[in-house]
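# The sequence and its predicted three-dimensional model are supplied below.
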Amino acid sequence: MLSGADFVSLGFDSHCHLHFHHFDKDIAKVVEDSKKAGISHILIPSIDAATAEVAADIAEKYGLYSAAAFHPEHLPEESIEDQSWVALKEVLLRPGTVAVGETGLDFHHKTFSPKKQIRWFRKHIKLAEALGYPLIVHSRGAEAEVLQELTEPPSVPVILHCWGGDQQLTDTAISSGFYIGTDGPLTYKKNNKYRRLVSGIPRDKLLVETDSPFLPPEPFRGKRNEPAYTRRIHMGIRELWDGRMSIEKTAYILWENAMRAYRLHPENRRADILYKYGNSLYANLTSSCQNNCSFCVRRTEDGLNGYFLRHMEDPSDALVLSTIGAFPIENYKELVFCGFGEPTLRYELLMKSAKAASARGVKTRLNTNGLCTSFLRNEQVTRLLDCFDSVSISLNASGAKEYNRICPSSVEGSWEHLMKFIKLVKNTGIESRVSAVSNSGADLQRVKALAERLQMSLRIR
Ligand code: SF4
């Protein structure tokens, strides 16, 4: 049971454009002020590939989150459509970029034709579904059309940001299970009708956003909006829900909603399937492993380099393949199947994924603990290795006794299985090496001697 003190420092501004020039001079102070005001989390949506990059930089620097998409008023020119789309996807590969947004339709400004806007909105919906990323939707003067495009609710959380639909459209959005964002205008004196509408939104589907620097709440109208003012909207919602509820508890409920909407909540946390490391791209198929190595990063961390990699549940084959299909993997030196667990445990998917990458001319490498001979027949192992350009095997020890001490395993005879795998690898002639960790307590001189006897090159990590 959480107490009042637990609620104090949690608050989520679910849509805040810190990438705009309005914050160029004092962004550090703005973020600090928001933290002081109990707004612990901020998501920065973007409006095109360039601002997505800036939003990702800010998110990385200040420990926030960002999203990437083309806003319906900022769509790319036809001549650079493909190039812009790839640039946007590159940003979506960055750690901390957790959603596709903001995309949608804007028939109020009509900067682009409805036809072009709808085409791009559909592209974004498809992309969000392919990656399993939440979708942030802008709608202005086009709320009915937006819902029309979402008639078949996407398989990912949908966030209707700064929602301005009438009661009937709101009821449709609610019945589709969408999250609905409310902003500063909730606090404006004359907005009783809007407040009534917001009070009918289920408490677990309501999100609070400032949409900074726009739409400041009372009493800051006419000034630049800031994430710290999220508290003012919390106060407005508390009045709608229950005037006696503490502001901290109100903020906590709304924080949890945003955490769920962006798939950051422990209940539905999304782990990254692809992540960048150096010039290579890595694929993370599973969080399971037969071993519990003393140096394994999984013992103390949930991810690496800002990426969250611990799958609560391994991703489906379809999601892994659509993620590989959607990202510009050709831009990388190689695709390494490594992850936050042992990739060969997903043998069939591993082969399909490696083949999909090879078909696009991408070099593939398998990083493995070499224990798959414990559950695969020799011909299956050979078929698996055929799918890769190279393989790297974790050796980590100079003999069974040392291996069992450093890499305790649930596999009976793990060292023997590892030796058998190395032999099979050598028989195939595939480019291969073994590796060992420098500070694991292994006798590295003996490991080196073993690698020489095995005629394998050794990489000390
Ligand atoms: S084999 Fe790799 S993933 Fe498995 S416990 Fe050891 S270091 Fe971790």
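Done, it's in. The structure presented is a predicted model; accordingly, all values stated were derived computationally and were not measured.
# in stretch 188-203, what's buried?
Residues 195, 197, 198, 201 are the ones in stretch 188-203 that count as buried (16 or more other CB atoms under 10 Å). Every residue, glycine included, has its C-beta placed from N, CA and C.
# go on, stretch 60-80?
Under the neighbour-count criterion of 16+ other CB under 10 Å, stretch 60-80 has 60, 62, 64-76 buried.
# Over to stretch 377-391?
By 16+ other CB under 10 Å, the buried positions in stretch 377-391 come out as 380, 381, 384, 385, 387, 388, 389, 390, 391.
# Check stretch 31-47 too.
For stretch 31-47, by 16+ other CB under 10 Å, it's 31, 34-35, 37-47.
# Most widely separated two among those?
Maximum pairwise distance among the buried residues of stretch 31-47 (CB to CB): 27.8 Å, between 38 and 47.
# coming back round to it: taking the buried residues of stretch 377-391 one by one, which sit in helices?
Cross-referencing the buried residues of stretch 377-391 against helices under DSSP state H gives 380, 381, 384, 385.
# any idea which helix or strand carries residue 272?
Residue 272 is part of no helix or strand when elements are defined by DSSP states H and E.
# let's number from 547 now, not from 1
Understood, numbering begins at 547; the last thing we discussed is residue 818.
# ok, back up a step: with respect to the ligand, which of the buried residues of stretch 734-749 is nearest?
For the buried residues of stretch 734-749, the closest approach to the ligand (CB to the nearest ligand atom) belongs to residue 747, at 43.3 Å.
# which residue packs closest to that closest one, ignoring adjacent ones?
Closest residue to residue 747 apart from its sequence neighbours, by CB to CB, 6 or more residues apart in numbering: residue 726 at 5.3 Å.
# List the strands paired with the helix or strand containing the one you found, with their directions.
Using DSSP H and E, residue 726 sits in strand 725-728. Paired neighbours of strand 725-728 in the sheet (DSSP bridges): strand 704-706 (parallel), strand 752-754 (parallel).
# okay, now the residue in the stretch 647-796 of the chain positioned nearest to the ligand: neighbour count?
At 22.4 Å from the ligand, residue 678 is the closest residue in the stretch 647-796 of the chain, using CB to the nearest ligand atom. The number of residues packed near residue 678 is 21, by other CB atoms under 10 Å.
# Check for me that residue 589 belongs to a strand.
Yes. Assessed by DSSP: H, G, I helix; E, B strand; the rest coil, residue 589 belongs to a strand.
# Give me the phi and psi for the closest residue to it other than its chain neighbours.
Excluding its sequence neighbours, the residue lying closest to residue 589 (CB to CB, 6+ apart) is residue 611, at 4.6 Å. When quoted as degrees, to the nearest 10, the phi and psi of residue 611 stand at phi -120, psi 160.
# Please, where are all the strands along the stretch 747-896 of the chain?
In the stretch 747-896 of the chain, strands defined by DSSP state E, counting those that start in this stretch lie at 752-754, 820-823, 826-829, 849-850, 853-854, 881-883, listed in chain order.
# how about these in TSV, adding mean pLDDT?
Shown next, in TSV, are those (pLDDT from 0 to 100):
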stretch	mean pLDDT
strand 752-754	98
strand 820-823	96
strand 826-829	96
strand 849-850	96
strand 853-854	97
strand 881-883	98
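# ok so, going back, ok, now which ones touch the residue nearest to residue 589?
The contact partners of residue 611, by CB atoms under 8 Å, 6 or more residues apart in numbering, come to 587, 588, 589, 590, 605, 642, 643, 644, 645, 808, 810.
# Just give me how far the helix ranked longest in the chain sits from the chain centre.
Secondary structure assigned by DSSP H gives helix 660-677 as the longest helix of the chain. In this view, helix 660-677 has its centroid 19 Å away from the chain centroid, taken as CA atoms, centre = their mean, to the nearest Å.
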